[in-house]
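Undergrad: need a 3D model of the sequence below.
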Amino acid sequence: MKKSIWLVAIISIVMLSLIGLTAGCQKKEDIGGLTDEQIKAAKKGDLQATHDFKYTGGMWSESKLPPKEAKRIKKEIEEGFKKALDIWINTKDNPKDFEKGLAGKALWELKQQTAAEQAQGKIKIRVHDKREFEVVKVKEGAGAVAYTYIDNGYYIDAKTKKRISKPVGDKKEWLIGIGKYGKVWKITEIVPLRPKTPADKEHKSQ
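TA: Purely as a prediction, here's the structure:
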């Protein structure tokens, strides 16, 4: 238990150092980081057992909040995730637009990915079909979401705007960290769970 508490504290400090400027006066618990244990368990397939959400107990809820309060925050996370997801999907050639719905590691990764793609003369068009998601962790100002979809995204030429690739139609599963910044919920971390490939190379196709 002590080891887990120290690990959470260390991760919180690291996340704060990365996004402290944008978070402003946010508290440590407002940063929606995911622990190594959570990611490891999810990749093993333990995530499937979380679809029957419990407001107390279990490694995913990690909450000592009263059920009524946890239910309220869960609803906030659901609505916040939908808005952040729309920003993630609909942002194309202007990386700054990601800032409206993403922060921390997720924001940094998507900006880097977009810059690399633009340097190659292409733009990612994200198409997430048959979306399903479930809140699997609830805390005051933070949470985690299990998200699955069929990836029918493709690339267009940055100059001509003509399609230069075809959708692959893969089913993908992500573990999404989410945190509250003021009144806005933002995606803070995107971890690939499926398909499971060496070095999680699919993570580069967000």
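Undergrad: please enumerate the strands of the chain.
TA: 122-125, 128-139, 142-151, 154-157, 170-181, 184-194 (DSSP state E).
Undergrad: Asp93 is nearest to which of those strands?
TA: Across the strands of the chain, Asp93 has its closest neighbour in strand 122-125 (5.2 Å, C-beta to C-beta). No exception for glycine: its C-beta is placed from N, CA and C like everyone else's.
Undergrad: what about the longest helix in this protein?
TA: Of all segments of type helix in the chain, defined using DSSP state H, the longest is helix 67-90.
Undergrad: who touches it?
TA: Around helix 67-90, the neighbours that count as contacts under C-beta atoms under 8 Å, 6 or more residues apart in numbering are 53, 55-56, 61, 63, 65, 97-98, 100-102, 110, 126-128, 131, 133, 135, 138-140, 143, 145, 147, 176, 178, 180, 184-187, 206.
Undergrad: filter those to the buried ones?
TA: Taking 16 or more other C-beta atoms under 10 Å as the criterion, what is buried in these is 53, 55, 61, 63, 65, 98, 101-102, 110, 126, 128, 133, 135, 138-139, 143, 145, 147, 176, 178, 180, 185-187, 206.
Undergrad: tell me the angle the longest helix of the chain makes with strand 128-139.
TA: 140 degrees (axes from the mean of the first three to the mean of the last three C-alpha atoms, to 10 degrees).
Undergrad: in helix 67-90, what counts as buried?
TA: 70, 73-74, 76-77, 80-81, 84-85, 87-89.
Undergrad: avg pLDDT for stretch 150-169?
TA: Average pLDDT, stretch 150-169: 95.
Undergrad: that stretch: end-to-end distance?
TA: Terminal residues of stretch 150-169 are spaced 6 Å apart (C-alpha to C-alpha, to the nearest Å).
Undergrad: could you do stretch 93-109 as well?
TA: Distance between the boundary residues of stretch 93-109 (C-alpha to C-alpha) amounts to 15 Å.
Undergrad: buried stuff in it?
TA: In stretch 93-109, the ones that count as buried by 16+ other C-beta under 10 Å are 95, 98, 101-107, 109.
Undergrad: which of the residues you listed sits closest to Ala158?
TA: Taking C-beta to C-beta as the measure, Ala158 lies nearest Pro95 of the buried residues of stretch 93-109, at 13.1 Å.
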